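sequence first, then the predicted structure:
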Amino acid sequence: MVLGLLFACIKPVPPAPGDGVPLAVATLMVPVSGEASAAPPAFEMGLAPVLNDRGGLPTYVTTIEGAARLGGLAGTQQRLDMLREAEDGAILLIETEPSYYSEMNGQYRWTVGVTLTLAEGNAPPVEAQFDVPVFLAYHHEREAEAVTAATPVVARRVGQLVDAWIAGRE
């Protein structure tokens, strides 16, 4: 009985490539109104442990100018094509679309739409799309705070996506 409980508590170890895989990471925040920008630094910092734990060597490539160029493109495929021209190796494109939803019980509910795309070379990309509901305490908190609040959920899903990608490479 005790042995069964012990094994039930052990978490599976995610697969990791042997020597580390260079991974260009582009984070983009595309608000409903306004110009696209790089995601907040706290968002990128929240993703780093997940990528490092999986043997990746992340390099964040989104600059202010780059985010404006990426945001001006029509969709994920065009953004991915632009990144493929600029970067060698694997690319992880993380697009977030924060939008205000409503006020509920004195808090402000936001929904952060997330599109994850991981591609390497000419192979078909691995993709995931999902929404993350977040609650913010203050009226003055906006898109950047909503994306930052969604970081733990996005980081977990990025880990799952990278695991699937690594499994497909082997």
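Alright, I've got the coordinates.

show me where the chain has its strands.
Listed in chain order, the strands found in the chain under DSSP state E are 21-29, 37-38, 56-60, 90-104, 107-120, 126-136.

which one of the ones you listed lies nearest to residue 166?
Of all the strands of the chain, it is strand 21-29 that lies closest to residue 166, at 7.9 Å by CB to CB. Any C-beta I mention is one placed from the backbone N, CA and C, and that applies to glycine too.

wait, residue 150 touches residue 112, no?
Yes. In terms of CB atoms under 8 Å, residue 150 counts as a neighbour of residue 112; the distance is 4.2 Å.

counting neighbours, which bits of the top helix by length along the chain end up buried?
Longest helix in the chain, counting residues (DSSP state H): helix 151-169. Buried positions in helix 151-169, judged by neighbour count with 16 or more other CB atoms under 10 Å: 151, 153, 154, 155, 157, 158, 159, 161, 162, 165, 166.

returning to that earlier point: can you add mean pLDDT and mean neighbour count and give the strands of the chain back as CSV?
Output for the strands of the chain, formatted as CSV (pLDDT from 0 to 100; neighbours: other CB atoms under 10 Å):
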stretch, mean pLDDT, mean neighbour count
strand 21-29, 84, 22
strand 37-38, 80, 20
strand 56-60, 72, 17
strand 90-104, 88, 19
strand 107-120, 90, 19
strand 126-136, 91, 15
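
need these in CSV (columns: distance to residue 84).
Formatted as CSV, the strands of the chain follow (distance: least, CB to CB, whole Å):
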stretch, distance to residue 84
strand 21-29, 10
strand 37-38, 19
strand 56-60, 15
strand 90-104, 6
strand 107-120, 7
strand 126-136, 15
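
for the ones you listed, which one sits closest to residue 77?
Closest approach to residue 77 among those is made by strand 107-120 (8.7 Å; CB to CB).

quick one, the closest one and strand 90-104 angle?
Orientation check (axes from the mean of the first three to the mean of the last three CA atoms, to 10 degrees): strand 107-120 against strand 90-104 gives 170 degrees.

re the thing from before, pull up the overlap in contacts between residue 150 and residue 112.
Contact with both residue 150 and residue 112 is made by residues 96, 98, 132, 134, according to CB atoms under 8 Å, 6 or more residues apart in numbering.

what's the third one in contact with, if anything?
With contacts defined as CB under 8 Å, 6+ apart, the neighbours of residue 132 are 111, 112, 114, 150, 153, 154.

not counting sequence-adjacent ones, nearest residue to it?
Nearest-residue entry for residue 132: residue 150, 4.1 Å, with adjacent residues in sequence omitted and distances by CB to CB, 6 or more residues apart in numbering.
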